[in-house]
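Q: return atomic coordinates for the entry below.
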Amino acid sequence: MNPVSEKISEAELVVMEALWARAPQTAADVAERVAAGRDWSVQTVKTLLSRLMSKDIIAADQDGRRFLYRPLVAREEYVAGESGRFVNRLFGGRVSPLVAQLASQDQLTAEDIAELEEILKGLKS
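A: Numbering: from 1, shown residues only. From the prediction side, this is the model:
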């Protein structure tokens, strides 16, 4: 899979989530999966698929008269890249100020804290 070099918009991310969940899919399949809560036509989805193809984030294979779309970027790669850019941009590449910010805003639940402790314990081993 390829690393993501271009920004994915919020709308494009909705389409990507559908493709990461199941691929390959036709534009109609994707439109059906993302229809809940959105008033998007198949044409809107096709436009988003076209944008993602131009960014080399997805590919399409012709299957008769239709195209089957599939991701070229794994979800894990995308999340890693985006979270790294976020931490670099807002926190100078350091994670501890991010956690401190979340804690100061009461956005960390007891479960979050327990999970973070387990992650840190695993790193020390």
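Q: make it CA atoms for all contacts and neighbour counts henceforth
A: Fine.
Q: quick check: domain ranges of the chain?
A: Taking automatic domain parsing as the reference, the chain has its domains at 10-71, 75-124.
Q: list the contacts of the spatially closest residue to Arg66 that is not a sequence neighbour.
A: What sits nearest to Arg66 in space, not counting adjacent residues and going by Cα to Cα, 6 or more residues apart in numbering, is Thr26, at 7.0 Å. Counting by Cα atoms under 8 Å, 6 or more residues apart in numbering, Thr26 makes contact with 66-69.
Q: now these as TSV including secondary structure, distance to Glu6 and neighbour count?
A: Shown next, in TSV, are the contacts of Thr26 (DSSP: H, G, I helix; E, B strand; the rest coil; distance: Cα to Cα, whole Å; neighbours: other Cα atoms under 10 Å):
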residue	secondary structure	distance to Glu6	neighbour count
Arg66	strand	27	13
Phe67	strand	23	16
Leu68	strand	22	17
Tyr69	strand	19	22
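Q: nice, that's everything, thank you.
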